[in-house]
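[1] Give me coordinates for this.
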Amino acid sequence: MDNPHEGHRERLRAQFRESGLDSFNDHTALELLLCYAIPRADVNVLAHRLIETFGSLDGVLSASQDELCKVKGVGERTAALIALAPAIVRKSAISRNLDESDRILNSSEKAGEFVKPYFMGARDEIVYELTLDNKCKLINVRKLAEGEPSCADLSTRRLVENALRDNASAVILAHNHPSGVALPSHSDLSSTEQAAAALKIVGIKLVDHIIVAEEDYVSLARSNVPCLSNQ
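    All right, here's what the predicted structure looks like:
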């Protein structure tokens, strides 16, 4: 039996081929994506339902697979495809940064721009450790912690072990504020002091701590936090 919705689907695909997503509104862009997860159904209603449930297209793409599966009409396959779309964009942005031959993070601006893709779409607080050589060239990026907002604890032991394993001369910390405000909290300042002190014992400098919130970031080194500026 022919798919009665195939004509509409083909029009969506043709519109995308000719004009890209700029010619789509949010619900038709989501509808096009759903076409590839649900082969035989009218996905227009489901696209509207998803946006109504999560408030916006960004809300849909930021939702977890468990949350998506709670919406009527969304199965595991559909939830996986929706979650995959922003994850691939994030992966691409990170890969683009890592593929650059000159990964010298010798300024707060370079470090801030480098770490932003790691937090794209993150709903929980995540902490990363960047290890550097004596010329501020990136050696490695490791996830130190992940948890609910304001609950990602920093393990100074693991921080130091990673730096020693990489034979690093310096370290940059980076974490996000899912609330969307990049201003450092008392906990951020305290954990920065602890990290700087632990690394100093083994002769390694903590040169910066970057806090990311959406497209914004704050550098604690540039904010003249004493434990960073006085090393």
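[2] Domain-wise, how is the protein divided?
    Following automatic domain parsing, one gets these domains for the chain: 6-92, 103-229.
[3] Apart from its neighbours in sequence, what residue is nearest Ser23?
    Computed as CB to CB, 6 or more residues apart in numbering, the closest residue to Ser23 that is not its neighbour in sequence is Gln15, at 5.9 Å. All C-beta spots, glycine's among them, are computed from the backbone N, C-alpha and C.
[4] give me phi/psi at the closest residue to Asn134 other than its chain neighbours?
    Spatial nearest neighbour of Asn134, chain neighbours left out: Ser169 (4.1 Å); criterion: CB to CB, 6+ apart. Per-residue torsions, Ser169: phi -100, psi -20 (degrees, to the nearest 10).
[5] What number of residues are in the vicinity of Asn224?
    When neighbours are counted by other CB atoms under 10 Å, Asn224 registers 10.
[6] Shouldn't it be within a helix?
    No. According to DSSP: H, G, I helix; E, B strand; the rest coil, Asn224 belongs to no helix; its state is coil.
[7] ranges for the helices of the protein?
    6-19, 26-35, 44-54, 57-62, 65-69, 76-99, 108-115, 156-165, 186-201, 226-229 (DSSP state H).
[8] Arrange these in TSV, one row each, with mean pLDDT and distance to Glu214 as further columns.
    Output for the helices of the chain, formatted as TSV (pLDDT from 0 to 100; distance: least, CB to CB, whole Å):
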stretch	mean pLDDT	distance to Glu214
helix 6-19	84	27
helix 26-35	90	18
helix 44-54	92	17
helix 57-62	87	10
helix 65-69	92	20
helix 76-99	82	13
helix 108-115	92	13
helix 156-165	94	26
helix 186-201	92	17
helix 226-229	74	24
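[9] Including mean neighbour count and distance to Val141, could the ones you listed go into JSON lines?
    As requested, these are exported to JSON lines (neighbours: other CB atoms under 10 Å; distance: least, CB to CB, whole Å):
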{"stretch": "helix 6-19", "mean neighbour count": "12", "distance to Val141": "34"}
{"stretch": "helix 26-35", "mean neighbour count": "19", "distance to Val141": "30"}
{"stretch": "helix 44-54", "mean neighbour count": "17", "distance to Val141": "30"}
{"stretch": "helix 57-62", "mean neighbour count": "18", "distance to Val141": "22"}
{"stretch": "helix 65-69", "mean neighbour count": "15", "distance to Val141": "25"}
{"stretch": "helix 76-99", "mean neighbour count": "14", "distance to Val141": "8"}
{"stretch": "helix 108-115", "mean neighbour count": "19", "distance to Val141": "8"}
{"stretch": "helix 156-165", "mean neighbour count": "16", "distance to Val141": "10"}
{"stretch": "helix 186-201", "mean neighbour count": "17", "distance to Val141": "16"}
{"stretch": "helix 226-229", "mean neighbour count": "16", "distance to Val141": "19"}
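[10] Having no further points to raise, I will conclude here.
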